[in-house]
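S.K.: Let me see the structure of the following:
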Amino acid sequence: MTIFEKIIAREIPADIVLEKENLIAFRDVNPQAPVHVLIVPKRVLPRLLDAKASDRELLGDLLLAAAEVAKKLELKNGFRVVVNSGPDAGESVPHLHVHVLGQRQMSWPPG
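M.R.: This is a model prediction of the structure:
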C-alpha cells in the first residue's frame, strides 16, 4: 500500500484542499513552492504510461481539479501542473498524481 492509499484511507493525516468522489487533493509535506498540492486519484493507476482509453474521464478530472485548486488557492499570477512518470522523471510514489505548484516564479526549462 502506497502512502497515497494510506492518505485516501485516512490512515495518515493530510492537509486536504479538495476532495471528490474519485480524487483527493492535499498539500505536499515536502513543498517545492509556497503552494504545492498533490491531486491523487482514489483508484490506483501506477503511472501515466499505464493509462488506457477507459481512464480518459479520470485524467480529465485530474486536470479540472488542478484548475479548481488553483482558483481556490487564488493562484492568479499563474501556476504549474506537473506529472512525473517513472523514476527518471522524479516519480517517488507509484500512484499517478498531479502536482500543482504556485506562488513563486517558475523557471524554464524545468528540472
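
S.K.: Longest helix in this protein, by number of residues?
M.R.: Identified as the longest helix of the chain according to DSSP state H is helix 56-72.

S.K.: which residues are contacting it?
M.R.: 17-18, 20, 22-23, 25, 37, 39, 41, 43, 45, 51, 79, 81, 96, 98, 100, 102 (C-beta atoms under 8 Å, 6 or more residues apart in numbering). C-beta here means a position set from N, CA and C on the backbone, and glycine is covered the same way.

S.K.: Buried ones among those?
M.R.: With neighbours counted using 16 or more other C-beta atoms under 10 Å, these contain these buried positions: 17-18, 23, 25, 37, 39, 41, 45, 79, 81, 96, 98, 100, 102.

S.K.: Next, give me the two most distant ones among the residues you listed.
M.R.: L45 and G102 (24.5 Å; C-beta to C-beta).

S.K.: Report how many residues lie close to the nearest residue to N22 once chain neighbours are set aside.
M.R.: Nearest residue to N22 in three dimensions, chain neighbours excluded: K42, at 5.6 Å (C-beta to C-beta, 6 or more residues apart in numbering). By other C-beta atoms under 10 Å, the residues close to K42 number 15.

S.K.: In this structure K42 contacts A25, no?
M.R.: No. If you go by C-beta atoms under 8 Å, K42 and A25 don't touch, sitting 11.2 Å apart.

S.K.: Give the helix, strand or coil label for L101.
M.R.: The three-state label given to L101 by DSSP: H, G, I helix; E, B strand; the rest coil is strand.

S.K.: you'd agree it is up against I39?
M.R.: No. With contact defined as C-beta under 8 Å, L101 does not count as touching I39 (11.7 Å).

S.K.: those helices in this protein, which residues are they?
M.R.: Under DSSP H, the chain gives helices at 3-8, 56-72.

S.K.: which residues touch the closest residue to P13 other than its chain neighbours?
M.R.: Leaving out its chain neighbours, the residue that sits closest to P13 by C-beta to C-beta, 6+ apart is I7, at 8.0 Å. Under the criterion of C-beta under 8 Å, 6+ apart, the neighbours of I7 are 13-14, 24, 26, 40.
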